[in-house]
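In: after the sequence you'll find the predicted model.
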Amino acid sequence: MVREQYVTTTQGSSAPRPLPDHVYKIGIYGWRKRCLYLFVLLLLIILVVNFALTIWILRVMWFNTEGMGHLQVHSDGVKLEEGESEFLFPVYAQEIHSREDSPLVVHSSENVSLNARNENGDVTGRISVGPEGALFQHSVETPQLRSELLKDLRLESPTRFLSIDAPKGVHIKALAGNIEVSSNMDVILQSSDGLLVLDAETVRMPSLPLSEGGVSGNTQNLYEVCVCPSGKLFLSKAEVISTCSENQEC
């Protein structure tokens, strides 16, 4: 507190005469001063807490000069040297590669879905892998398709058709077990340029229709397989010469 007093002297008197006392307070006093100190203290505490949290985040996330944790940021992308990474939100990348000496493994508690989009953002292809298998929305191009060891390989299209095409042929092989093809409608095996070869010790067609025509004196239960121009197959009683033309199954 500063007090400024102005005194004057009069003629014939050596004692000064004080003027009216005026007090001017310079600074912040009272509750305002206490609030200011409290605000400064609170600001200092917040700065210390933020600094401690920043140090903790840097240590937990393993930030370094090259990236974050095992992730290293390079000019051509992000590289995971070792360990595992977990992504909580969608990941967009042009290419994902594993190291040359290890496979690329993706784990998920539910399904794993991969979408392909065009320049307008529309989904042009989708693959979803879950407990029921792999579901493909559009066509799939692969040099080889096989199942896991001791498990069956099943190709199924519940609502549409299943088509397998290859410019140099399709090779289907079962090392142990059978190959079964079933359809609610037609099964078409077509070769545009070449032969359709069924190379097996025994070829069975148990459900071919039996023609009622043919030679009535055949008592040996021998039949021949007849082919109509439309491709239909049926059985006809065998004789010395073919009896397919005598039937009306076509």
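Out: Sure, I can see it.
In: now do the helices in the chain.
Out: In the chain, the helices defined using DSSP state H lie at 31-60.
In: show me how it divides into domains.
Out: 1-83, 204-250 (automatic domain parsing).
In: okay, residue 38: pLDDT?
Out: Per-residue pLDDT puts residue 38 at 93.
In: residue 78 versus that one, what's the distance?
Out: Distance, residue 38 to residue 78, by Cβ to Cβ, to the nearest Å: 46 Å. Where you see a C-beta, it was placed from the backbone N, CA and C, and this is true even at glycine.
In: residue 242 too?
Out: Applying Cβ to Cβ to residue 242 and residue 78 gives a distance of 72 Å.
In: distance between the longest strand belonging to the chain and the chain's centre?
Out: Scanning the chain for the longest strand, with DSSP state E as the assignment, gives strand 123-130. In terms of Cα atoms, centre = their mean, to the nearest Å, the centre of strand 123-130 is set 7 Å apart from its chain centre.
In: and the strands in this structure?
Out: 2-4, 7-8, 17-18, 22-24, 63-64, 67-68, 71-74, 77-80, 112-117, 123-130, 133-136, 223-227, 233-237.
In: reformat the ones you listed as JSON lines; add distance to residue 200 and mean neighbour count.
Out: Shown next, in JSON lines, are those (distance: least, Cβ to Cβ, whole Å; neighbours: other Cβ atoms under 10 Å):
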{"stretch": "strand 2-4", "distance to residue 200": "116", "mean neighbour count": "8"}
{"stretch": "strand 7-8", "distance to residue 200": "132", "mean neighbour count": "8"}
{"stretch": "strand 17-18", "distance to residue 200": "132", "mean neighbour count": "10"}
{"stretch": "strand 22-24", "distance to residue 200": "116", "mean neighbour count": "9"}
{"stretch": "strand 63-64", "distance to residue 200": "63", "mean neighbour count": "12"}
{"stretch": "strand 67-68", "distance to residue 200": "58", "mean neighbour count": "15"}
{"stretch": "strand 71-74", "distance to residue 200": "54", "mean neighbour count": "13"}
{"stretch": "strand 77-80", "distance to residue 200": "49", "mean neighbour count": "13"}
{"stretch": "strand 112-117", "distance to residue 200": "38", "mean neighbour count": "12"}
{"stretch": "strand 123-130", "distance to residue 200": "34", "mean neighbour count": "13"}
{"stretch": "strand 133-136", "distance to residue 200": "28", "mean neighbour count": "12"}
{"stretch": "strand 223-227", "distance to residue 200": "15", "mean neighbour count": "15"}
{"stretch": "strand 233-237", "distance to residue 200": "17", "mean neighbour count": "19"}
